[in-house]
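>>> Quick one, what's the 3D model for this:
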Amino acid sequence: MSSILNVAVVGCGIGRSHIVEGYVPNADKFKVLALCDLDPERMAKIGDEFGIERRITNFDDLLTMDDIDIIDVCTPPGVHYSMVMKALEAGKHVVCEKPLVGSLQQVDAVMEAEKTAKGKLMPVFQYRFGDGIEQAKAVIDSGIAGKPFAGTVETMWRREAPYYAVPWRGKWKTELGGVLMGHAIHPHDIFTYLMGDIARVFGRVATRVNPIEVEDTISASLEMKSGALASFTATLGSVDEITRIRLQFEHVTIESDHAPYNPGHALWKILPRNDEVKARIEALLANWQHVPSRFQTQMARFHEAIEGKRELPVTSADSRRSLELVTAFYHSSSTHQEVVLPLGPDHPLYQSWVPAEFR
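Okay, the predicted model is just below:
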């Protein structure tokens, strides 16, 4: 029988979604025992809604609570690193919203700390989960798709003045980046999850839509380690909102559902090149078991990982790959040069991609 793990949710913004989508549907696996937020009024509202009586304003107080198994960090990005490191040092399991930390140096420090930590760390990439994306992943991993040729990612969302009324948004020091960091990071993670590692990046970033410090429009040309070519484009100035991922393989064309915030949920378009390929796909997916989307499946698999029943569904190495792309993007845009991955301590932006004047 599975044990129920006690959770403290830190940050009652996106933290509410973790509760609604992740912990409530998995009530046989988790119990949210505590909330932590600097805004007592907002915390009280969430606490009353879900019957969570323990409400803390000082994060460090959570670290000494022996009955807390998991600390779920849902704060603005600028404080993720310190909270993750403290929680690991305290022996807790840790869930952390994207971006995990604010530099390659920090993610490497986190990965080093994990080697001796008692608890497990799971970064959040909830868009990976759901029937659509998992069927696509199954077809690719089975070898049916064949050689990858090319792919595109379009993250066309809409953010206007009310979004940036939240004080930490749109600022380098607290958000650590713009559309590249807080929005397109999800579809870009999906792309590398399905297509593998990136070898080279030529990217550009611009602030075109809103009067903010960080970028809200980006575009890039990429070469994958497989040799496949790709293009990424994102903006926060779209009228409607879509997330579209299209992958071209030797034997199939795969296109995501266009739902901006839940692209993994609905079935994806998987087009076979011929009847033989079609039959192989149908056989592979014949006894498909439904996979709930977003946080529900990610949290359930985290529980299984803690109990030793499976590997972590998302790892700090996955986060490093996403932050490596972010670093390469900013460096390429500022230097107008192609960037070769992977990036190590000798890279100029290893310690931080945030411009010096905003640190």
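
>>> For this structure, give me the ranges with low pLDDT.
Within the chain, the segments meeting pLDDT under 70 span 1.

>>> Repeat the analysis, applying 50 as the threshold.
Within the chain, not a single segment meets pLDDT under 50.

>>> Now do the strands for it: every range, in order, please.
Secondary structure of the chain (DSSP state E): strands at 5-10, 30-36, 54-56, 70-73, 93-96, 121-123, 148-158, 198-206, 217-224, 229-235, 237-249, 252-255, 269-272, 339-340.

>>> ok, now which ones touch Asp61?
By CB atoms under 8 Å, 6 or more residues apart in numbering, the contact list for Asp61 reads Cys36. C-beta coordinates here come from the backbone N, C-alpha and C atoms, glycine included.

>>> show me the residues around Gln337 that make contact.
Neighbours of Gln337 in contact, by CB under 8 Å, 6+ apart: 202, 331.

>>> gap between it and Asn274?
42 Å (CB to CB, to the nearest Å).

>>> Which of the strands of the chain sits closest to Met299?
Nearest to Met299 among those is strand 30-36 (6.8 Å), distances taken as CB to CB.

>>> what are the pairing partners of the closest one, and which direction each?
strand 5-10 (parallel), strand 54-56 (parallel) (DSSP bridges).

>>> Please identify the buried residues of that strand?
For strand 30-36, a neighbour-count test (16 or more other CB atoms under 10 Å) marks 30, 32-36 as buried.

>>> Just the C-alpha atoms of that strand, please, in PDB.
What follows is strand 30-36, C-alpha atoms only, in PDB (Å, rounded to 0.1, in the frame of the first residue of the first chain):
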ATOM      1  CA  PHE A  30      -0.500  13.300  -0.900                       C
ATOM      2  CA  LYS A  31      -1.800  15.600   1.800                       C
ATOM      3  CA  VAL A  32      -1.200  19.300   1.700                       C
ATOM      4  CA  LEU A  33      -0.400  20.000   5.300                       C
ATOM      5  CA  ALA A  34       1.000  23.500   5.100                       C
ATOM      6  CA  LEU A  35       1.000  26.700   3.100                       C
ATOM      7  CA  CYS A  36       3.700  29.400   3.000                       C
END
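
>>> who touches it?
Applying CB under 8 Å, 6+ apart, the external contacts of strand 30-36 come out as 4-12, 15, 19, 22-23, 43, 46-47, 50, 52, 54-59, 61-62, 65, 67-68, 70, 299, 303.

>>> Spatially nearest residue to Thr235, not counting backbone neighbours?
Nearest residue to Thr235 in three dimensions, chain neighbours excluded: Thr217, at 4.4 Å (CB to CB, 6 or more residues apart in numbering).

>>> what comes up buried for stretch 171-180?
For stretch 171-180, a neighbour-count test (16+ other CB under 10 Å) marks 171-172, 174-180 as buried.

>>> no, scratch that, I was asking about stretch 78-86
For stretch 78-86, using 16+ other CB under 10 Å, the buried residues are 78-81, 83-86.
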